[in-house]
Structures are given as C-alpha cells and as structure tokens.
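K.L.:
Let me see the structure of the following:
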Amino acid sequence: MCAVLCLGLGTTGCVQKEFQQEKAMNLLAAAPIHLDAEQVMLTSQQVECGAQNDLWEQPTAANVPGARENAVARLLPAGKALHFDDDVIVAEPGYRQPYVQIRGDFQLQLAEGPTIKEEGADGRLVEGKLFVTIPHMCFSDALPVLGVRKGKFSEEAPPVMEFRLLNDGWHFTKLVH
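P.N.:
Coordinates of the predicted model:
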C-alpha cells in the first residue's frame, strides 16, 4: 500500500509536456470543438446536393459592383441547423472553390504531416490541413477549413491551430488568424 501511495504522490502534478502530431490529432478528434465564423470549402457537387436538399437555394448571380462572376446560394433553415452561418459563396473572384461560413461545435480532423512550432514552453502552433465533419448525406467527405493569409481567408493557406499546456495537460485553444 505504501508503494501505491508513493507512486501516486510521485506522479501528482506531472503532466506530459511532449507534443507531437499524434497529440494534436487526438486532441482535435476527441470531442466536438467550437468554431466561430470559420470558412470551409465546398465542392460543386456539395453545393448542388445542398440546394436539392433545401439546405440553401439554387445559386444566383450576385449584384456586386466592380466584381465579375459572383454567385451566392441563400442559406435556408435546414442549412442553419447544420451550423452553416452565412450564404454559400459559389463563385467569387480570387477563389476557385465555393465556400461557406460555419459557427458551432464540430468534430475536427487534422491530416497527417502538420508543421509544429514552439510558442514558448507551454504553447505550440500547428499548421496543417484541418477538416470539419458535417453530419449530412451531402457531406460524406469532411470539409477543408480555410486558413488565413494577410488577414484574409485563403484556399492556399493551411489553418494554424494554437495548443496550450495547462495544469491538466495539452488543450486546443483556438484557430489563429
């Protein structure tokens, strides 16, 4: 009994400080994470499926001064119930793929091969491909999260995630913009 007590006291306050890609992947996949006003890419097939399933209206050309080839699909209540937060941007100069803003709690998946940088002794910045799972037949493939480059969402920029070491271990804290 003394050995168990000593072992217990010896490990009290010990937190695993090691942080590798598997740690980041497991933390993100463990439970739904709240995202607020992030953007995810859609495929043309997903946009069409969403319109056919009343998640949003069929895309229409937007009347935006000075812009060419803009198209928007107005979000409907069924799409809002899936935590889509704004109209789907089907076509916009500077973007090759449709995208939509999301807000709510989501299951996340981090692809293998992220870049991990130390941010002090208790912080890590992880840059890599991040995906959101949407529980609907139109989204059998997880949706890629857009990163931010020069203050603007970008298809080419991978998201950057911040993790912090707290008293009880490592935690995801936020997406960095």
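K.L.:
Can you tell me what sits against stretch 41-48?
P.N.:
The list of residues contacting stretch 41-48 from outside it, by C-beta atoms under 8 Å, 6 or more residues apart in numbering, reads 50, 56, 59, 73, 88, 90, 97-100, 138-139, 141, 143-144, 146, 155. Every residue, glycine included, has its C-beta placed from N, CA and C.
K.L.:
try 10 Å this time
P.N.:
40, 49-50, 55-56, 58-59, 71, 73, 84, 88-91, 95-100, 131, 134, 136, 138-141, 143-146, 153, 155 (C-beta atoms under 10 Å, 6 or more residues apart in numbering).
K.L.:
Inside helices: which ones of these?
P.N.:
Secondary structure assignment by DSSP state H places 49-50 of the contacts of stretch 41-48 in helices.
K.L.:
distance of the residue positioned nearest the centre of the chain from residue 61?
P.N.:
Here the mean C-alpha position of the chain is nearest to the C-alpha of residue 145 (C-alpha atoms, centre = their mean), at a distance of 4.6 Å. Using C-beta to C-beta, to the nearest Å, one obtains 27 Å as the distance from residue 145 to residue 61.
K.L.:
For the closest residue to residue 160 other than its chain neighbours, grab the count of nearby residues.
P.N.:
The shortest distance from residue 160 to any residue other than its chain neighbours is 4.2 Å, reached at residue 176 (C-beta to C-beta, 6 or more residues apart in numbering). Here the number of neighbours of residue 176 (other C-beta atoms under 10 Å) works out to 14.
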